[in-house]
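# Quick one, structure for this:
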Amino acid sequence: MDQTESYPVQLYIYDMSRGMARQLSPVMLGRQLDGIWHTAIVIHGKEFFFVGQGINNCPPGSTPLGQPGSVVDLGSTEVSAELFMEYLMSLAVSTYGRDTYNLFEHNCNTFSDEVAQFLTGKKIPSYITDLPSDVLSTPFGQILRPLLDSMVVNPGGSNITGQR
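Modelled structure (predicted):
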């Protein structure tokens with residue numbers, strides 16, 4: 001009898017503000033934000049994330065962001081490492097290529113959510129995916145949008161397509 005292998009899938013969550021969002025958001029935005037979230041999917045011994053250069057990977061927890069603030073177990077998948085890399089390469093060509101990054105609409109969290117659904121059928125927590133609309137719904141968020149639209153987050157790692 002064939003036994004299908006199962007691989008654990010985790011979501012690494014980093015606070016890009018390192019606690020500053022929690023302190024400053026009530027004054028600046030008029031509402032509490034617990035963090036400015038960067039996420040990555042960890043599977044097959046690597047951490048995968050989307051940045052301005054495309055889809056990158058590194059050993060888990062080895063970006064300049066250090067260790068994640070929290071880790072969410074998303075379940076497991078039967079998707080092999082080889083099939084997963086084929087999937088990521090297709091995303092790198094179709095949806096998550098170089099220069100497609102947008103801080104509010106097409107970011108690391110969008111990527112993590114799509115990949116999590118592909119692997120496990122589960123979405124990442126909504127407090128992460130709702131953050132851009134929460135910020136933009138404030139007057140200060142609207143004022144900052146032109147500046148923030150030009151920002152690209154790049155916590156390091158190697159691009160999966162070999163591009164620099």
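# my guess is Tyr101 meets Ile55, correct?
No. Using CB atoms under 8 Å, Tyr101 makes no contact with Ile55, being 10.5 Å away. No exception for glycine: its C-beta is placed from N, CA and C like everyone else's.
# where exactly do the strands run in the chain?
7-15, 37-43, 46-51, 54-58, 70-77, 158-159 (DSSP state E).
# nearest to Ile124, of those?
strand 7-15 (5.5 Å; CB to CB).
# residues contacting Ser70?
Ile13 (CB atoms under 8 Å, 6 or more residues apart in numbering).
# measure it to Asp130 for me?
17 Å (CB to CB, to the nearest Å).
# same question, Glu5
For Glu5, the distance to Asp130 - CB to CB - is 34 Å.
# of those two, who's got more company?
Asp130 (12 against 9; other CB atoms under 10 Å).
# What separation do you get for the more buried one and Gln142?
17 Å.
# what's the answer for Pro8, then?
Taking CB to CB, one finds Pro8 at 40 Å from Gln142.
# Now do the same for Leu148: its pLDDT.
At Leu148 the predicted local confidence, pLDDT, stands at 68.
# in this structure, which spans are helices?
Assigned by DSSP state H, the helices in the chain fall at 20-29, 81-94, 108-120, 126-129, 131-136, 139-149.
# Would you reformat the ones you listed as JSON lines and include mean neighbour count and distance to Phe49?
Listed next are those as JSON lines, based on neighbours: other CB atoms under 10 Å; distance: least, CB to CB, whole Å:
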{"stretch": "helix 20-29", "mean neighbour count": "15", "distance to Phe49": "19"}
{"stretch": "helix 81-94", "mean neighbour count": "14", "distance to Phe49": "11"}
{"stretch": "helix 108-120", "mean neighbour count": "21", "distance to Phe49": "5"}
{"stretch": "helix 126-129", "mean neighbour count": "15", "distance to Phe49": "13"}
{"stretch": "helix 131-136", "mean neighbour count": "17", "distance to Phe49": "16"}
{"stretch": "helix 139-149", "mean neighbour count": "12", "distance to Phe49": "19"}
